[in-house]
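> The sequence and its predicted three-dimensional model are supplied below.
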Amino acid sequence: MLGEVKPTIQGAVHVQGLDIHYEYFGKRERPVMVILNGVAMETLSWYWQIPNVLPIMDVLLWDFRGQGQSTSDDAPYSVEESADHLLAILDELDLQKDQVNLLGVSTGSIVVAEFLRRHRHRVNRAVLSGVLLERAMTFKLDSDFGVRLLRENRADLWAESLYTKILSDRYLEEFAEAIPVMQGALIKRYHDRRHALARIIEAQSNYLWNIARYRMQLEEVDTPIMILAGTEDKLIPTFYQKRVAAMFLRAEFKQYAHIAHIPFIENPAKAFGDSMRFFLNK
């Protein structure tokens, strides 16, 4: 199935000396699901689900700075620049507001929030999953520890701890044999650029630690938003995500039982189905 998935258009936007890779699937005549990755994902992470979305919506995938085919340098990154990179891609593809529906997963949900803060006039609807939008000491300490592991060349320990936090106990038991394979693939993917993972984590941690400066502007966002949370999310507990839903003017909150941080991995049919219905206002 993966071999059959090919983008209609792919390329890179060039922003301030950086190349930001994107892939578009579809004919550009329908509503578009724009997927924003989690910290260690890339465009290829979504190929297995694209065939289930394309009959209904077009899909735009892209790699943050540090991911996939985008520039992976070892210099400070920021959430704000990621939002600017997305804007450049939307301009490159000439996508209009009524087409653009953002779906952010974990780190991607933070970038979606920042994009809405400054560019909500370009967005129809948005889904945020596994989202945190406040200053949380536990998250900062966990992020700092993750960066330390990566900088000390212990990506193996970082990957092992990551999967125990983002997946539910049920999923970890059911796919016990596959988890080490997934961890190994992640380590291999970032073997020569562990610094990129560290920089992405630093960027989101810094953004959240100073998010009070943006609070009033985020509260003014009137874009229709849906928050998707797993009841067993150990990384970003649901009480944080409920507070995100309460912050925005037009947000609804939906949670999935027995699911952890990324519903799109553990129950993709439900998560993608709910997202498409929301985007299409059905």
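Nice, I can see it.
> So Gln183 sits against Ala159, correct?
Yes: between Gln183 and Ala159 there is a contact under CB atoms under 8 Å: 4.3 Å. Every residue, glycine included, has its C-beta placed from N, CA and C.
> more neighbours, the two?
Taking neighbours as other CB atoms under 10 Å, Gln183 and Ala159 compare with Ala159 leading, 22 against 17.
> gap between the more buried one and Ile259?
Separation of Ala159 from Ile259 (CB to CB, to the nearest Å) stands at 21 Å.
> With Trp62 instead?
25 Å.
> Which residue of those two possesses the greater neighbour count?
A direct count of neighbours by other CB under 10 Å for Trp62 and Ile259 places Trp62 higher, at 27 against 24.
> That one pairs with what?
For Trp62, the beta-bridge partners under DSSP bridges are Tyr22.
> And stretch 208-218, end to end?
Start to finish, the residues bounding stretch 208-218 are 13 Å apart (CA to CA, to the nearest Å).
> Compute the number of surrounding residues for Ile200.
Neighbour tally, Ile200, other CB under 10 Å: 25.
> my guess is it contacts Tyr77, does it?
Yes: here Ile200 lies in contact with Tyr77, judged by CB under 8 Å, at a distance of 6.1 Å.
> Now list whatever residues contact both of the two.
Common contacts of Ile200 and Tyr77, defined by CB atoms under 8 Å, 6 or more residues apart in numbering, comprise 64-66.
> where does Ala126 fall, phi/psi-wise?
The phi/psi pair for Ala126 (degrees, to the nearest 10) reads phi -140, psi 140.
> That should have said Leu60, apologies.
Dihedral angles (degrees, to the nearest 10) for Leu60: phi -120, psi 120.
> Checking the residue most central in space within the chain next. Helix, strand or coil?
Nearest to the geometric centre of the chain sits Gly108, at 2.4 Å (CA atoms, centre = their mean). Secondary structure of Gly108, reduced to three states by DSSP: H, G, I helix; E, B strand; the rest coil: helix.
> How about it: what's its closest non-neighbour residue?
Leu36 (3.0 Å; CB to CB, 6 or more residues apart in numbering).
> Just give the nearest non-adjacent residue to His139, would you?
Actually, residue 139 is Phe. It isn't His. Using CB to CB, 6+ apart and skipping residues adjacent in sequence, the residue nearest Phe139 is Leu132, 6.1 Å away.
> wait, what's in contact with the one you found?
110, 139, 208, 236, 240-241, 244.
> how much space between it and His85?
Separation of Leu132 from His85 (CB to CB): 21 Å.
> what's the answer for Glu219, then?
Going from Glu219 to His85 by CB to CB gives 25 Å.
> what about those two, which has more around it?
Each of Glu219 and His85 has its neighbours counted (other CB under 10 Å); His85 has more, 23 against 13.
> Could you look up the SS state of that one?
His85 - assigned by three-state DSSP - is helix.
> how about the residue nearest to the centre of the chain, what does it touch?
Contacts of Gly108 by CB under 8 Å, 6+ apart are 35-38.
> Just the closest of these to Leu54, please.
Ile35 (12.6 Å; CB to CB).
> Grab the nearest non-local neighbour of that closest one.
Among residues not flanking Ile35 along the chain, Leu103 sits closest, at 5.1 Å (CB to CB, 6+ apart).
> Next: Ser143.
Nearest residue to Ser143 in three dimensions, chain neighbours excluded: Ser205, at 4.0 Å (CB to CB, 6+ apart).
> how far away is the one you found from Phe279?
Counting by CB to CB, the gap from Ser205 to Phe279 is 29 Å.
> Kindly report the same for Phe272.
As judged by CB to CB, Phe272 and Phe279 stand 10 Å apart.
> Equivalent analysis for Leu208, please.
Noted for Leu208: a distance of 26 Å to Phe279, by CB to CB.
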